[in-house]
Each structure stands twice: as C-alpha cells, then as structure tokens.
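Colleague: sequence-free structure coming up:
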C-alpha cells in the first residue's frame, strides 16, 4: 500500500467597499506534467474610471481565464511552460482580447489599436495599457508528487505564505510616501502610477507586459504543511491575527456582519498523506465568491480532481 499525497485547498474572493471586486483567483490541473498551477490577481483601480468603466473588473477575470487556457494548450501537447512565459503569453493574448471586450464591457480602445497599428508593440502603447489599471499577481507551480512549490512568480504585492514564512514583491511600497505627501491624494496616485514599469519606478502587472521579465522568481520552496496565496486585502487581515484559519473566519464574519474595506482573496492549501491502493494525487478545491451585500457566502465552485499517472 502506498501513501497518497493530497492537498485540500480553500479559496475565496470577497468584495470590499468598491463598486466592483478587482480581485480574482484561478487554477489549472496539469495532469500530463504532474503539477498544479494556482494564482491570485489583485487589480489596482483605474484612475480614470469614467474613461474605462468596469474595464479592470473584466480584465483581471479574462486574464485568469487566459492563463488557464495558456497552460491548457501546453498540457495538450505534453509540454511544460514556466510561469513567466505563460504570463507573458497570456498578457499578449489579452491585448487582442481587449478589442473584443470593448463594445460590451465599457472598454473603448483607440481606433488605431482596433485596426492593429502598433498593436503588438508594448513600448508604443505603454501609457495606453497602463490607463486600464495595473495588477499584482502571485503564481505558484505545485509538484504533484512531493510537497514542494517548484516555482513561484510575484509581481506586485500579492503575497505567499509558506508555513510561517511570508514573502511578496514590495518594490512599489517605497513610492507610497509620494501619495501621503500630496495634498491631493489623487494627484499622488497619478504620479505613482506614471512610474509603473519605468526605469525610475517599480515593476507591476499591466497589459503592456513590461513588468513580467522583472517579476521576482523563487524555486524549490519546501512546504511542511500549509501554503497560502493572498491579495493585500487578505494580508491586512492575516497581519492582524497572524493565523490563516482565524483570518478566514474573520473574513467570513466581515462578510456577514460588516463590509470589508478592501477586496480580499486567498487560496490556501494543506498537504496531507493517506493510505491508498492507487498511486494517485488528489487535489480538492472548495472555492466561493462572496458579495458583502449578501447575508451569507454563495458557493460557486466545488471541484474534486483525481490526477492519476
């Protein structure tokens, strides 16, 4: 009898006080390559909402779907793609998707982009793509056969907690003093946003793709028991309580009893072993999306996947 490696995951995204939830999470089960991909995306609200209403809400969700599709294409060919390459390709596809989403989701690209003029040249369109809003992302590649995160990508301040060690990309934080020192905070936000993916600024996710080559990469991270991907909204709760389970319970309490200020998203997983007659890997994900305007969580995802060799 062999020991079966299992991961039981819980995932949730909770809307804060803004008019839309700009967080999301995603996953892909890459059976041919014996691995599981997870990610959390946290979109930064566009500064010109009236120019691109609802754009970021749809962009982060479409990006998550595009990542899943990108990993799926490689898996179908029994090929393995790294996180950085997958994100680069997904963003490139997103620049094409923008034109399709435009008429129905309030995104109004310049006519020249619709016609393909400099469409695939990030440098020529950097300011335009940044106007849609930027995003932070943490991605992990889990080994299906041993409790190891084989690769982790971080761009922006979405975090990763492995057992009791927390890490994130905090390069943007040194610019937050600019916002605090400006009398008009919106002007401060504009100054900081203009430094996105610039040599004198910070690296972040956006549809130009400029920041991806500069993402913080980590490899072969051992997991004793638990790992958690989180947006900065969930980090604020975890930083207060210092315990993932307590933070999850508090998040649900906030949903049912008060409105959470910031969007908060997490995926947390616990490695376990159990006796089995099969050499198999089981991944269980119980995900739910919660609106602060509802009295109870609404379950939208429940999956159990058994990926055998």
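Modeller: Arrived safely, thanks for sending. Quick caveat, the model's predicted, so the values are computed rather than measured.

Colleague: who does the one helix or strand residue 253 maps to touch, helix- and strand-wise?
Modeller: According to DSSP states H and E, residue 253 maps onto helix 244-257. Judged by 3 or more C-beta pairs under 8 Å, 6 or more residues apart in numbering; DSSP states H and E, the packing partners of helix 244-257 are strand 2-14, helix 232-241, strand 264-276. Where C-beta positions appear, they are placed from N, C-alpha and C, glycine not excepted.

Colleague: would you mind putting those into TSV with distance to residue 253 and mean neighbour count alongside?
Modeller: Listed next are the helices and strands packed on helix 244-257 as TSV, based on distance: least, C-beta to C-beta, whole Å; neighbours: other C-beta atoms under 10 Å:
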stretch	distance to residue 253	mean neighbour count
strand 2-14	11	19
helix 232-241	10	19
strand 264-276	12	19
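
Colleague: how about a markdown table for the ones you listed, with mean pLDDT and distance to residue 173 added?
Modeller: Listed next are these as a markdown table, based on pLDDT from 0 to 100; distance: least, C-beta to C-beta, whole Å:
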| stretch | mean pLDDT | distance to residue 173 |
| --- | --- | --- |
| strand 2-14 | 79 | 23 |
| helix 232-241 | 89 | 10 |
| strand 264-276 | 81 | 19 |
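
Colleague: now the helix holding residue 253: average pLDDT?
Modeller: Mean pLDDT, computed over helix 244-257, is 76.

Colleague: contact partners for residue 142?
Modeller: 7, 35, 36, 37, 38, 148, 149, 150, 269 (C-beta atoms under 8 Å, 6 or more residues apart in numbering).

Colleague: so who does the last one touch?
Modeller: By that I understand residue 269. By C-beta under 8 Å, 6+ apart, the contact set of residue 269 is 7, 8, 9, 38, 142, 226, 227, 228.

Colleague: nearest to residue 133, of the residues you listed?
Modeller: The nearest member of the contacts of residue 269 to residue 133, counting by C-beta to C-beta, is residue 38 at 22.6 Å.

Colleague: which strand residues bridge that closest one?
Modeller: For residue 38, the beta-bridge partners are residue 27, residue 140 (DSSP bridges).

Colleague: count of neighbours near it?
Modeller: A total of 23 residues lie near residue 38 under the criterion other C-beta atoms under 10 Å.

Colleague: I'd say it and residue 137 touch.
Modeller: No. With contact defined as C-beta atoms under 8 Å, residue 38 and residue 137 do not form a contacting pair (11.2 Å).

Colleague: dump the contacts of residue 142 into JSON lines; add distance to residue 184 as well.
Modeller: Output for the contacts of residue 142, formatted as JSON lines (distance: C-beta to C-beta, whole Å):
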{"residue": "7", "distance to residue 184": "47"}
{"residue": "35", "distance to residue 184": "47"}
{"residue": "36", "distance to residue 184": "45"}
{"residue": "37", "distance to residue 184": "41"}
{"residue": "38", "distance to residue 184": "39"}
{"residue": "148", "distance to residue 184": "48"}
{"residue": "149", "distance to residue 184": "42"}
{"residue": "150", "distance to residue 184": "46"}
{"residue": "269", "distance to residue 184": "43"}
